[in-house]
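Q: No sequence on hand, only this structure:
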């Protein structure tokens, strides 16, 4: 019976391929007996336009040639699953970035964003082309620090793709979620929303040619950090701490996150911010308001380069509040940051 049915069905030709349905393997299975026939047809193409026609031809051939009751004929059609379209590589404007430097902290309130802004300006003063990605998605500070809170990013179309133009603040290319929200708005976002916004800022910002892109991370170790790490090739990380032990304890978490086996980002050094306070009227005095040397001691114990100390300086506070970071206006502050920036560049060169 099976051979008889195969001979019968071999007369049916697929209109597109010109081959009969037995030879081409479309007839996958035949079962017959007791006046019943079950045939399974398998088409390699999803939604084959000739599947219905061929199914009808098979039913008519079996009913006519074998004189079977049509109700005793079952023809099952199987089609290949639709092939997923290959995912197009997302367009990115990050190709012109030389090195990405993460600036992070284990906890908030240590002045990480201030350090990022002043370090960026110092690198600019050293002749490098610098940009900042403000990835502190829930508390963006960079627009305020650079005095560009009112900047409204413009879109530009390049090769059929939309890109976002960053702010140019004191020679620094700057992109922040703060440009897209009102200062009074609370960002109540799930992690997925936050990370999607970050991905868009990373890839759609027209960064142009940069030697360094500094990423101002949010405090702690969480989903936003992992999202940025997955989207950018980060050459190194700087950890910012204050001297007291409660801050240094959190620094360890930041260092271990970057050093984790699955992440493997070199920690190029630790900066101790707010190391001491010297009043203007008492330039020879140092007051260690938050303890002394905690970050330096941590670095020495854990084989992490110590980059330097930044004291509490009135001009740093005034510069951040006034939208002109002190490294761009105060030679004494710039000198301290230059010493740190030189070590950052040197240490990043060693991590190649």
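A: Okay, I see it. No experiment lies behind these values; they were computed from the predicted model shown. Numbering: from 1, shown residues only.

Q: for the helix or strand encompassing residue 30, packing partners?
A: Residue 30 is part of strand 27-33 when elements are defined by DSSP states H and E. For strand 27-33, the helices and strands in contact under the criterion 3 or more CB pairs under 8 Å, 6 or more residues apart in numbering; DSSP states H and E are helix 2-9, strand 36-43. Glycine gets a C-beta too; all of them are placed from N, C-alpha and C.

Q: partners of that strand, with directions?
A: According to DSSP bridges, strand 27-33 forms sheet pairs with strand 36-43 (antiparallel).

Q: shouldn't residue 229 be in contact with residue 265?
A: Yes - counting by CB atoms under 8 Å, residue 229 does reach residue 265; the two are 7.1 Å apart.

Q: thinking again about what came up before, return the most buried member of the helices and strands packed on strand 27-33.
A: Scoring these by mean neighbour count under mean count of other CB atoms under 10 Å gives strand 36-43 as the most buried, with a mean of 18.

Q: The helix or strand following that strand to strand 36-43, inter-axis angle?
A: Next helix or strand after strand 36-43 toward the C-terminus (DSSP H and E): helix 51-65. Angular relation of helix 51-65 and strand 36-43 on a 0 to 180 degree scale: 150 degrees, by axes from the mean of the first three to the mean of the last three CA atoms, to 10 degrees.

Q: okay, the angle between helix 51-65 and helix 2-9?
A: 120 degrees.

Q: Now do whichever helix or strand comes after helix 51-65: distance to the chain's middle.
A: The first helix or strand that comes after helix 51-65 along the chain, using DSSP H and E, is strand 73-79. Put simply, strand 73-79 sits 47 Å off its chain's centre (CA atoms, centre = their mean, to the nearest Å).

Q: Which strands and helices lie in contact with strand 73-79?
A: With contacts taken as 3+ CB pairs under 8 Å, 6+ apart, strand 73-79 sits against strand 36-43, helix 51-65.

Q: can I assume residue 224 is in contact with residue 199?
A: No - the pair residue 224 / residue 199 is not scored as a contact, 10.9 Å apart, by CB under 8 Å.

Q: so residue 175 touches residue 140, yeah?
A: No - judged on CB under 8 Å, residue 175 makes no contact with residue 140 at a distance of 10.0 Å.

Q: State the phi and psi torsions of the closest residue to residue 246 other than its chain neighbours.
A: Using CB to CB, 6 or more residues apart in numbering and skipping the chain neighbours, the partner closest in space to residue 246 is residue 107 (7.8 Å). Main-chain dihedrals, residue 107, degrees, to the nearest 10: phi -140, psi 170.

Q: cool, residue 157 as well?
A: The phi/psi pair for residue 157 (degrees, to the nearest 10) reads phi -100, psi 120.

Q: which residues touch it?
A: By CB atoms under 8 Å, 6 or more residues apart in numbering, residue 157 lies in contact with residue 163.

Q: partners of it in the sheet?
A: Per DSSP bridges, residues listed as beta-bridge partners of residue 157: residue 162.

Q: Which pLDDT does the model give it?
A: Looking at residue 157, its pLDDT stands at 82.

Q: for the longest helix along the chain, which positions count as buried?
A: Identified as the longest helix of the chain according to DSSP state H is helix 331-350. Buried residues in helix 331-350, counting neighbours by 16 or more other CB atoms under 10 Å, are found at 333-334, 336-338, 340-341, 343-345, 347-348.

Q: mind giving me JSON lines with those residues and columns for distance to residue 237 and pLDDT?
A: Listed next are the buried residues of helix 331-350 as JSON lines, based on distance: CB to CB, whole Å; pLDDT from 0 to 100:
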{"residue": "333", "distance to residue 237": "23", "pLDDT": "89"}
{"residue": "334", "distance to residue 237": "23", "pLDDT": "92"}
{"residue": "336", "distance to residue 237": "20", "pLDDT": "92"}
{"residue": "337", "distance to residue 237": "18", "pLDDT": "94"}
{"residue": "338", "distance to residue 237": "20", "pLDDT": "95"}
{"residue": "340", "distance to residue 237": "14", "pLDDT": "95"}
{"residue": "341", "distance to residue 237": "15", "pLDDT": "95"}
{"residue": "343", "distance to residue 237": "14", "pLDDT": "95"}
{"residue": "344", "distance to residue 237": "10", "pLDDT": "94"}
{"residue": "345", "distance to residue 237": "14", "pLDDT": "94"}
{"residue": "347", "distance to residue 237": "11", "pLDDT": "90"}
{"residue": "348", "distance to residue 237": "10", "pLDDT": "87"}
